[in-house]
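In: here are the coordinates; sequence isn't available:
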């Protein structure tokens with residue numbers, strides 16, 4: 001019975017958490033005087049079944065997917081990367097600098113170079129808490145959270161002063177070079193190659209985690225750092241590398257927002273993608289296919305929220321509440337799952 005529960009619960013718990021969140025959301029919609037069936041029909045039909053709505057969903061899925069991959073990579077090593085939002089900002093800054101100040105390159109060179117700039121600056125931002133945790137023992141939750149605000153204000157300063165477009169009414173940079181812009185995938189939509197980048201990154205991360213020595217080191221450190229030391233694995237080096245990888249993936253999300261969507265660096269250009277990515281990583285239960293599907297679900301919620309408000313009269317805040325309740329219910333399910341497995345664990349037979 002315990003083995004069946006162990007296999008069954010991780011698959012069912014996220015679905016139950018989503019269903020419970022949608023049920024609570026239905027109650028909030030009723031309080032607003034609207035039919036939940038009508039509101040949810042508008043929300044998901046517009047975000048998944050219409051051409052432009054699905055395009056909007058994919059556009060919002062791309063940064064969610066890349067950032068949640070970074071959160072998941074860190075979790076595999078037992079590190080809680082709460083700094084995805086700041087790493088997104090630094091990635092956007094890195095790609096913008098390459099797109100603004102390096103000119104005269106063909107697109108096939110300029111785009112990868114700008115993406116590399118975003119990845120590297122995001123990786124550096126991830127390495128800072130990684131170093132502090134590995135070598136100084138500073139809790140990574142605190143450092144990554146605080147670095148979010150530093151990164152956001154650093155970008156705000158950059159677009160308000162040294163990078164500000166001349167005569168701009170609000171803080172934003174000049175437009176990056178056309179050769180540094182990601183191509184559009186669906187005509188007459190904002191869907192850019194960032195979604196493909198996210199899918200490629202998912203496959204690459206799967207190979208790294210399951211088919212490489214680094215992946216073995218990450219898993220071992222995450223499961224038991226003491227045993228990892230006895231096996232000759234440098235725990236400090238592994239933490240530093242995995243936090244750099246996590247920051248780099250989130251940096252790619254920021255690069256995609258600048259290179260594929262806005263073509264400029266804006267103040268406050270990320271709308272909380274880094275924080276949603278934490279929920280996605282936990283909801284997926286460490287499964288990379290689950291990361292893709294959950295990112296699409298959250299992207300659909302974001303993509304259909306404004307349409308639901310216009311067509312059904314339901315405030316956008318209801319969608320944010322659904323996301324919050326999803327996180328709450330998955331946390332509850334984790335506790336219940338642990339208790340159930342503990343109760344159903346077979347007692348060890350002591351030798352006589």
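Out: That came through fine. The model shown is predicted, which means the values in this text are computed figures rather than measured ones.

In: measure residue 52 to residue 316 for me?
Out: From residue 52 across to residue 316, the span is 18 Å (CB to CB, to the nearest Å). Yep, even glycine has a C-beta here, placed from its N, CA and C like the rest.

In: Neighbour count: these two, which is higher?
Out: Using other CB atoms under 10 Å as the criterion, residue 52 and residue 316 rank with residue 52 on top: 15 against 12.

In: which residue packs closest to the more buried one, ignoring adjacent ones?
Out: In space, and not counting its chain neighbours, residue 52 is closest to residue 189: 6.1 Å by CB to CB, 6 or more residues apart in numbering.

In: quick check, the one you found in a helix?
Out: No. With DSSP: H, G, I helix; E, B strand; the rest coil as the criterion, residue 189 is located in coil rather than a helix.

In: pretty sure residue 259 is touching residue 115, no?
Out: Yes. Here residue 259 reaches residue 115: they are 7.3 Å apart, a contact under CB atoms under 8 Å.

In: Can you give me the neighbour number for the closest residue to residue 194 other than its chain neighbours?
Out: Counting by CB to CB, 6+ apart, residue 194 lies nearest to residue 256, which is 3.2 Å off, once chain neighbours are set aside. For residue 256, the count of nearby residues is 28 (other CB under 10 Å).

In: Now do the same for residue 256: its pLDDT.
Out: On pLDDT, residue 256 comes in at 97.

In: Check which helices and strands the helix or strand containing it is in contact with.
Out: Using DSSP states H and E, residue 256 sits within helix 235-256. Helices and strands touching helix 235-256, by 3 or more CB pairs under 8 Å, 6 or more residues apart in numbering; DSSP states H and E, are helix 51-76, helix 84-101, helix 107-136, helix 194-211, helix 213-223, helix 225-230, helix 273-283.

In: Provide a list of residue ranges in the stretch 201-350 of the chain with pLDDT below threshold.
Out: For the stretch 201-350 of the chain, the stretches with pLDDT under 70 are 340-350.

In: first to last residue in stretch 264-281, what's the distance?
Out: End-to-end distance for stretch 264-281, by CA to CA, to the nearest Å: 29 Å.

In: again, but for stretch 39-55
Out: Using CA to CA, one end of stretch 39-55 lies 20 Å from the other.

In: picking that back up, I figured the residue nearest to residue 52 hits residue 59, correct?
Out: Yes. Residue 189 is within contact range of residue 59, at 7.4 Å (criterion: CB under 8 Å).

In: higher neighbour count, those two?
Out: Comparing residue 189 with residue 59 by other CB under 10 Å, the one with more neighbours is residue 59, at 24 against 16.

In: what number of residues lie near the nearest residue to the more buried one once chain neighbours are set aside?
Out: Spatial nearest neighbour of residue 59, excluding adjacent residues (CB to CB, 6+ apart): residue 190 at 4.7 Å. As a burial measure, residue 190 scores 16 neighbours (other CB under 10 Å).

In: got the angle between the helix holding residue 256 and helix 107-136?
Out: Relative orientation of helix 235-256 versus helix 107-136 (axes from the mean of the first three to the mean of the last three CA atoms, to 10 degrees): 140 degrees.

In: Give the buried residues for helix 235-256.
Out: 235-236, 238-256 (16 or more other CB atoms under 10 Å).

In: again, but for stretch 104-119
Out: Applying 16+ other CB under 10 Å to stretch 104-119 flags 105, 110-111, 113-119 as buried.

In: Which one of those is nearest to residue 263?
Out: residue 114 (11.3 Å; CB to CB).

In: Could you list which residues are in contact with the closest residue to residue 243 other than its chain neighbours?
Out: Leaving aside its sequence neighbours, residue 243 sits nearest to residue 130 (CB to CB, 6+ apart; 2.9 Å). By CB atoms under 8 Å, 6 or more residues apart in numbering, residue 130 lies in contact with 79, 140, 239-244.

In: show me what contacts the residue nearest to residue 194?
Out: Residue 256 touches 62-63, 66, 118, 182, 192, 194, 197-198, counting by CB under 8 Å, 6+ apart.

In: What is the neighbour count of residue 80?
Out: 17.

In: Tell me the backbone dihedrals of it, please.
Out: phi -100, psi 100 (degrees, to the nearest 10).

In: For it, give me the pLDDT.
Out: What the model reports as pLDDT for residue 80 is 94.

In: OK, contacts around it?
Out: Applying CB under 8 Å, 6+ apart, we find residue 80 in contact with 74, 140-141, 144.

In: can you check residue 333 too?
Out: Residue 333 makes contacts with 9, 13-14, 16-17, as judged by CB under 8 Å, 6+ apart.

In: Quick check: the farthest pair among those?
Out: Largest separation among the contacts of residue 333 by CB to CB: 9 and 17, giving 11.6 Å.

In: higher neighbour count, those two?
Out: Between residue 9 and residue 17, residue 17 has the larger neighbour count (other CB under 10 Å), namely 22 against 19.

In: Go ahead and confirm that one touches residue 330.
Out: Yes. With contact defined as CB under 8 Å, residue 17 reaches residue 330; the gap is 4.2 Å.
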